[in-house]
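A.B. asks: here you go, sequence then predicted model.
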Amino acid sequence: MLLISILAIFSFLCSAPVSASRVIKSNSLDLCTDNKNFTATFFNVTFTPDTRLLSVGFNGTVAISGNVVADLSLTAYGKEVITKTLDPCQMKEQSLCPMNIGKLEIPAIQTTLPQSVINDVPNIAYTVPDLDASVRVYINSTDTGAPIACMEASLSNSKSVHQQAVGWVIALVIGLGLASSGIASILGYSHAALHVAAKALALFGFVQSQAILGMTSVHMPPIVESWTQNFQWSLGIMHLGFIQKIANWYLRATGGTSSNLLSDLENTSVNVLKRKRSLGFGAGALMKRDSGEGAAPEGSKTIYGIVRVGFKASIERTDIFMTGFIFIMVFIGFAMLIVGLVRLVSGLLAKSGKTDSTKMDSNTWAVTMKGILLRLILMCYPAVCVLCLWEFASHDSPAEVVLAVVMLLSMTVILVMAAVRIIRKARRSVEIYKSPAFMLQNDTMFLNKWGFL
């Protein structure tokens, strides 16, 4: 896959920052203990090595009182690079010295790190896109030294291999291949159309496999999540404002309730699950696996799987199925419209004597149209399987569940019928010509219609 290798290098180069400033930051929070002494809705960490400033801020609810100290640990790619103990009393933070039960709002706590600590941070933390690093803060009692709470946040250096240009380039290459195949098929060049379509479908299948991998609820490095996000368009996961409005309207009109995770980011801390957590939190996360949202304290959410993909694409959890469904229907309709226009132009050229009119008869046209439609169904089938099965688990609305059942069953039946036709044709060819490929390759009408399999 030379094209994929080139695009990987291209996305890596595009991840370079516009400015030369170095920064490591985070705005997502997860709790690494089961106690609820701290219930945070906001957690922000910013580390700028050029100024040696480390800023930590959070909003939430505190259920403890007394003096505390915070042990901060910064880890990058499994290596602990910074350990720092912060004493709110020495830093003259009145809101934390002492701690009081109730709501706690701290815009930022800034501390200057020594140059020796800055030198210990590897350069990879600032240059590699989709940084795999985290900061963990342990809150301990000053009097007893006993741990009170633990918070953890994933870090980012504002670089990513998720680049929209990668998806557009691949979509353009696949689209040109399929368009060329359709035109060649209409003009009567069945074998050439078959080979071009096979190559385009192979590339499209690879793209879809990458996208499906990114949808799985497994622990994967951040760079893998971002790379697979480049291919989610192949499953219909793309954000367009009017599409989201249609999906949300249909959801509400059919008795569903829309989620508000994206619209409530100011009050909710969203953590994208990337790696293993403590055993206690992991067990809680598995309790709600069907919804794609792990169990988390009030004011925070841990997302994974398809919900994680939708969140990164700015799509609400309850709109994922309808978004994919609309894109699939629009894609099939638009492709058939283009084929119809090509057929119209070809017919006009045939009447003017510029092309062979014998290749443009109505029977050939009908068979070719059915073959192109079946190819489109085959292309969309992986997305249909993923989205429909997801809808069976999420139950966004009764009408959407029915829609998923109808779409999945209809496409499955069509593809099964196509496979049966090909198997029967191959068996007849074996009986007559002792080769299954003879009748499959020499019957032009059959090849145009069923040759996609």
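C.D. replies: Okay, I see it.
A.B. asks: for Cys89, phi and psi?
C.D. replies: phi -70, psi -40 (degrees, to the nearest 10).
A.B. asks: all helices for the stretch 51-200 of the chain, in order.
C.D. replies: Shown for the stretch 51-200 of the chain, the helices assigned by DSSP state H, counting those that start in this stretch span residues 115-120, 124-127, 164-186, 190-215.
A.B. asks: who's in contact with the residue nearest the centre of the chain?
C.D. replies: Centrality entry for the chain: nearest residue to the mean C-alpha point is Val309, 3.0 Å, by CA atoms, centre = their mean. Going by CB atoms under 8 Å, 6 or more residues apart in numbering, Val309 touches Gly214, Met215, Gln229, Gln232, Ile237. To be clear about C-beta, it is placed using only N, CA and C from the backbone, and glycine gets the same treatment.
A.B. asks: where does the stretch 1-150 of the chain dip in pLDDT?
C.D. replies: Filtered on pLDDT under 70, the stretch 1-150 of the chain yields the residue ranges 1-20, 34-35, 93-95.
A.B. asks: coming back round to it: would you mind giving the helices of the stretch 51-200 of the chain as JSON lines with distance to Leu389 and mean neighbour count added?
C.D. replies: Listed next are the helices of the stretch 51-200 of the chain as JSON lines, based on distance: least, CB to CB, whole Å; neighbours: other CB atoms under 10 Å:
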{"stretch": "helix 115-120", "distance to Leu389": "47", "mean neighbour count": "12"}
{"stretch": "helix 124-127", "distance to Leu389": "39", "mean neighbour count": "16"}
{"stretch": "helix 164-186", "distance to Leu389": "24", "mean neighbour count": "18"}
{"stretch": "helix 190-215", "distance to Leu389": "11", "mean neighbour count": "19"}
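A.B. asks: nearest to Glu152, of those?
C.D. replies: helix 124-127 (16.9 Å; CB to CB).
A.B. asks: quick one on the thing from earlier: mind putting the helices of the stretch 51-200 of the chain into TSV with distance to Asn140?
C.D. replies: Shown next, in TSV, are the helices of the stretch 51-200 of the chain (distance: least, CB to CB, whole Å):
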stretch	distance to Asn140
helix 115-120	21
helix 124-127	26
helix 164-186	45
helix 190-215	38
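A.B. asks: may I see the buried residues of the top helix by length along the chain?
C.D. replies: Assignment by DSSP state H gives helix 398-433 as the longest helix of the chain. For helix 398-433, the neighbour count (16 or more other CB atoms under 10 Å) marks 400-401, 403-404, 407-408, 411, 415, 418, 422, 425-426, 429 as buried.
A.B. asks: which SS class is the residue nearest to the centre of the chain?
C.D. replies: helix (DSSP: H, G, I helix; E, B strand; the rest coil).
A.B. asks: could you report the pLDDT at it?
C.D. replies: With respect to pLDDT, Val309 has a value of 90.
A.B. asks: swap in the one 5 residues further on?
C.D. replies: According to the per-residue confidence, Ser314 scores 88 in pLDDT.
A.B. asks: check contacts around the spatially closest residue to it that is not a sequence neighbour.
C.D. replies: Distances taken as CB to CB, 6 or more residues apart in numbering place His239 nearest to Ser314, at 4.6 Å, with adjacent residues excluded. When contacts are counted by CB under 8 Å, 6+ apart, His239 touches Ala313, Ser314, Ile315, Thr323.
A.B. asks: distance-wise, check the first one relative to Phe327.
C.D. replies: This means Ala313. Per CB to CB, to the nearest Å, Ala313 is found 12 Å from Phe327.
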